[in-house]
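Asker: Okay, sequence plus prediction incoming.
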Amino acid sequence: MRYTPMLSALMLSILLLSACGGSSSDNLSTAPSDEGPRTDTPDQPGENDEGGEGAPPDEEAGQASGPAFPSPEWYARELENYARVLEAPIEQVSSPAFMLRWTSQSVANAASYAARAGEDNSWLLGGVTTLLGSLVNQLTDPFSEPEALFTLVQDTLTDTIGQLQENPMAALALVGNTPVTPLCTSWAAQCAGDPFRYPGADSFYGTVGEVQPVVFYDRECARLSGRVWRPAGLPDGAVVPGVVIQNGSVQAPETLYWWAAQMLVENGYAVLTFDPRGQGRSDMQTPQGVQGSNFNPAVFWEGLVDAIDFFRSSPAQPYPHNETCQGTQPTPVTAFNPYFGDIDPERLGIAGHSLGAVGVSIVQGMGAEGAAPWDGQLDNHNPVTVAVAWDGAIAPAVEGEGSGGGSSPIGLVFGLLGDDAPRPAFAPRVPMMIQDSEYGLTPVPFAQPPEPRSQLGPFEAWQRAGVPSMSFTIQGSSHYEWSLLPSFPTSSWCPQVVDGRCQGGWGLPMAQHYSLAWLDRYLKLPGEVGFDTADQRLLADEDWQARLSFYFEADRDFVTRDGIRIIGLSR
């Protein structure tokens, strides 16, 4: 292949650095949870073990055991660690099975996008910004050039693949803003996500889970496109906990998070995934021209509240914004959650990535003392009982300081908007898991060791408030560990294709393991899958220590079901 000289040089450098004393990570073939989230029962630490009751955080974690800075050994270890962000794009262009599936699914997604536009051209009016309108109208007009979009998809993929084969480092410059991915409306190219997780390609559908597309209005009458998911074959009268998943911003349609939806359904949850306003296949703007996505970050908390309302709607309580926005567009909307009868209304979790994690941080805390009131329409109080934030958690503002998000890439978003971009007051209210990346949104190597506790601002806010929390950073990771964008710089997430699905990886299995364990700890009831093992999975330190950042400290403070308080997380 054309990328072979560059790849060979890169891998040779890594091997030489390892031989010269740089630390090496476990081989992917021997990594834990290669087959997905764990449901086994590792030995649980006792009170005198690491992380047991009363154990203080390891203040020397990460740096004490590593090479001194500055030294050749430190730079060697850093180069090896940074090389992880190129694992995914290299393995993807090296896999004929992946490339074939990605190409075919991109074309299929472009076809479905064009078909929707042909059936209801009002999506073209609300689905793009003014700047993109003429381009998308031209590409998706099924009556003029029906092959134009498909040709553009093929050309875009060919160009992307060619860049990566020529030089894997090109992954660092691929941002997804191609003519075929105007904010990922088509779900094509990088915006397809994991191409093996679609109906027709994945045996999940109909056997493990059931999925139904939905459309509903947000509070300002922009249409939101989404899906509700539930386990297949639920017994009559059975109810399961629910989770609403919110995307990140800019290049993050709901397809990128189907890994989480499927994982949760497989483990006994109902789920809502959706594209916030300005993302994916939802309207980019309201009928009055009010924008979404990064142009208007408020949609990531206001829209999340609206999505929660839809998820909790029923024939007795139809989704209210469909009624207030009735007739705004000719598109049929979904009056209420079609799976309402399968969901326990007392058990609701939320999870979000990037700016979606900002939304999760804010929404979980609405209604707390000193916070903005809950502004959902169907509940008098905040129904959220647990939260998971993927690389974007923020802490409540401290007078004179502003919100703390550690070294999160979210600082870049609000930096562009102005640090005084309005956000509702919120407070730590429910247990929250915080997962972070090392190299962030635009991965570049570290020139010196970062501050070890710089990622722990949100965790410390939760701990001060006496609300359970856990926070860790994945070693060798980028911002895209949680949004499966093909060709984007991130650690391995599809090293092999087995039975038509991606298996293995580095950061994603760790994210899956702890996200599921945290939700199980606070949402599952006795007798349900995951209830008995949730604490043990959260304490499975030895299984995952090799993947914890050696730069950034991890921490936790929560009480097990047995009443044991766990403080600290050591490497």
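Answerer: Yep, it's here.
Asker: Show the contacting residues for Gly507.
Answerer: 437, 474, 476-477, 481, 490-493, 547 (CB atoms under 8 Å, 6 or more residues apart in numbering). All C-beta spots, glycine's among them, are computed from the backbone N, C-alpha and C.
Asker: And for Asp499?
Answerer: Asp499 neighbours (CB under 8 Å, 6+ apart): Ser203.
Asker: Next: Thr286.
Answerer: Counting by CB under 8 Å, 6+ apart, the residues that Thr286 touches are 126, 218, 220-222, 277.
Asker: what about the top helix by length along the chain, average pLDDT?
Answerer: Assignment by DSSP state H gives helix 96-119 as the longest helix of the chain. In this model, helix 96-119 carries a mean pLDDT of 92.
Asker: residues of it that come out buried?
Answerer: Buried residues in helix 96-119, defined by neighbour count with 16 or more other CB atoms under 10 Å: 98-99, 101-103, 105-111, 113-114, 116-117.
Asker: and what of stretch 190-198?
Answerer: If you call a residue buried by 16+ other CB under 10 Å, then stretch 190-198 has these buried ones: 190-198.
Asker: repeat for stretch 529-539
Answerer: 530-531, 533-539.
Asker: for the helix or strand hosting Glu80, what is the average pLDDT?
Answerer: Per DSSP states H and E: Glu80 is located in helix 72-82. Mean pLDDT, helix 72-82: 97.
Asker: And the helices in the stretch 151-300 of the chain, which stretches?
Answerer: 258-266, 299-311 (DSSP state H, counting those that start in this stretch).
Asker: Check which element follows the longest one along the chain.
Answerer: It stands for helix 299-311. Heading C-terminal from helix 299-311, the first helix or strand you meet, by DSSP H and E, is helix 320-324.
Asker: Point out the other helices and strands that the following helix or strand past that next one packs with.
Answerer: Note on helix 320-324: by DSSP H and E, the next helix or strand toward the C-terminus is strand 343-353. Applying 3 or more CB pairs under 8 Å, 6 or more residues apart in numbering; DSSP states H and E, one finds that strand 343-353 makes contact with strand 240-246, helix 299-311, helix 355-365, strand 386-390, helix 507-523.
Asker: cutoff 10 Å now
Answerer: strand 240-246, helix 258-266, strand 270-274, helix 299-311, helix 355-365, strand 386-390, strand 432-437, helix 507-523 (3 or more CB pairs under 10 Å, 6 or more residues apart in numbering; DSSP states H and E).
Asker: Out of those, which gets nearest to Arg230?
Answerer: strand 270-274 (4.6 Å; CB to CB).
Asker: Double-check Phe295 against Pro276; I have them as touching.
Answerer: No. Look at Phe295 against Pro276 with CB atoms under 10 Å: they stay out of range, at 11.7 Å.
Asker: the more surrounded of the two?
Answerer: Pro276 (34 against 15; other CB atoms under 10 Å).
Asker: quick one, what contacts the more buried one?
Answerer: Counting by CB atoms under 10 Å, 6 or more residues apart in numbering, Pro276 touches 218, 222, 224, 226, 246-249, 252-254, 282, 292-293, 296-297, 299-304, 306-307, 352, 355-356, 359.
Asker: Trp240: neighbour count?
Answerer: You called it Trp, but residue 240 is Val. Neighbours of Val240 (other CB under 10 Å): 25.
Asker: For Gln92, which residues are in contact?
Answerer: Contacts of Gln92 (CB under 10 Å, 6+ apart): 98-99, 102, 161, 164, 171, 195, 486-488, 492-495, 502.
Asker: out of those, which is most surrounded?
Answerer: That'd be Pro486 among the contacts of Gln92, by other CB under 10 Å, with 30 neighbours.
Asker: Just the element for that residue, please.
Answerer: Going by DSSP H and E, Pro486 is not in any helix or strand.
Asker: Need the phi and psi values for it.
Answerer: phi -50, psi 140 (degrees, to the nearest 10).
Asker: Start at 40, not 1
Answerer: From this message on, residue numbering opens at 40, which makes the last subject Pro525.
Asker: just checking, it touches Gln229?
Answerer: Yes. Under the criterion of CB under 10 Å, Pro525 lies in contact with Gln229, with a separation of 5.5 Å.
Asker: low pLDDT regions in the stretch 190-339 of the chain?
Answerer: Along the stretch 190-339 of the chain, segments meeting pLDDT under 70 span 190-222, 290, 333.
Asker: can you give me the strands for it?
Answerer: 248-256, 262-270, 279-285, 309-313 (DSSP state E, counting those that start in this stretch).
Asker: cool, the stretch 390-539 of the chain as well?
Answerer: Going by DSSP E, counting those that start in this stretch, the stretch 390-539 of the chain shows strands at 425-429, 471-476, 508-513, 535-537.
Asker: for the next helix or strand along the chain from the last one, packing partners?
Answerer: As assigned by DSSP H and E, the chain's next helix or strand after strand 535-537 is strand 540-542. Here strand 540-542 is seen to pack against helix 135-158, strand 535-537 when contacts are counted using 3+ CB pairs under 10 Å, 6+ apart.
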